[in-house]
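Engineer: with the input below, show me the fold.
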Amino acid sequence: MNRATISRWARLIARVLLGLALTSAGISHLGSARAEFQAQVPPWVPLDPDFVVLASGVVEILLGVALVVLPRFAPWVGIATALFFIAIFPGNISQFVNGIDAFGLDTDLARGVRLLFQPLLVLWALWSTGGWALIKRQVAKWNPSHSS
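Structural biologist: Prediction:
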């Protein structure tokens, strides 16, 4: 197996694992962990926390399934997934700042470490799907002087 083949397989496995994880998390939004997810909705969000949790759960399920079953659109789904991870980041910040215990994160250290993993999820989504390469190609189209 050459390096390119190994890289393709690694990205495929990473994409499918991310898709399965998102689908599972989305399902838990709708049931078993609903109350814990509600605790993460920042108090400044002008929507009912239950609605936010249910809606984000549906989005997670849709993104997760799309990551697994729509390989042709993987770069676009990866970008959408990365944007979703960025959009929910304020919930993680709120959990840290307000000292909210949820998901076993019951210390500032645990909540702080969780914050550090959110950018890794963004990178995982972009790398495993080819989303990062798509962004670079689009930027190069719009600005040929930055095609590196």
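
Engineer: CA only for contacts and neighbour counts going forward, please
Structural biologist: Noted.

Engineer: middle-most residue in the chain, spatially?
Structural biologist: The centroid of the chain falls nearest to Phe85 when counting by CA atoms, centre = their mean (3.7 Å).

Engineer: the longest helix in this protein is where?
Structural biologist: Assignment by DSSP state H gives helix 3-30 as the longest helix of the chain.

Engineer: now do the same contact list for Val65.
Structural biologist: Contact analysis of Val65 by CA atoms under 8 Å, 6 or more residues apart in numbering lists Gly19, Leu20, Thr23.

Engineer: I misspoke; the intended subject was Val59.
Structural biologist: Counted by CA under 8 Å, 6+ apart, Val59 has contacts Gly26.

Engineer: quick one: it from Phe96, how far?
Structural biologist: 23 Å (CA to CA, to the nearest Å).

Engineer: in the one helix or strand the residue nearest to the centre of the chain maps to, what counts as buried?
Structural biologist: Under the criterion of DSSP states H and E, Phe85 resides in helix 74-97. Going by neighbour count (16 or more other CA atoms under 10 Å), the buried part of helix 74-97 is 74-82, 84-85, 89-96.

Engineer: any regions of this protein where pLDDT drops low?
Structural biologist: Flagging of the chain using pLDDT under 70 yields the residue ranges 144-148.

Engineer: sorry, back to before: nearest to Ala35, of the contacts of Val65?
Structural biologist: Closest approach to Ala35 among those (CA to CA): Thr23, at 18.0 Å.

Engineer: let's see stretch 84-104 as CSV, backbone CA atoms only.
Structural biologist: Provided in CSV are the C-alpha atoms of stretch 84-104 (Å, rounded to 0.1, in the frame of the first residue of the first chain):
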residue,chain,number,x,y,z
PHE,A,84,-21.5,23.6,13.3
PHE,A,85,-18.7,22.8,15.7
ILE,A,86,-17.8,26.5,15.7
ALA,A,87,-21.4,27.5,16.2
ILE,A,88,-21.9,25.3,19.3
PHE,A,89,-18.6,26.4,20.8
PRO,A,90,-20.2,29.2,22.9
GLY,A,91,-22.1,26.4,24.7
ASN,A,92,-18.8,24.9,25.8
ILE,A,93,-17.5,28.3,26.8
SER,A,94,-20.7,29.0,28.8
GLN,A,95,-20.3,25.6,30.6
PHE,A,96,-16.7,26.6,31.5
VAL,A,97,-17.4,30.2,32.5
ASN,A,98,-20.5,29.4,34.5
GLY,A,99,-19.1,26.3,36.1
ILE,A,100,-21.9,24.0,34.8
ASP,A,101,-21.5,20.4,35.6
ALA,A,102,-22.6,18.1,32.7
PHE,A,103,-21.3,15.0,31.0
GLY,A,104,-18.9,14.3,33.9
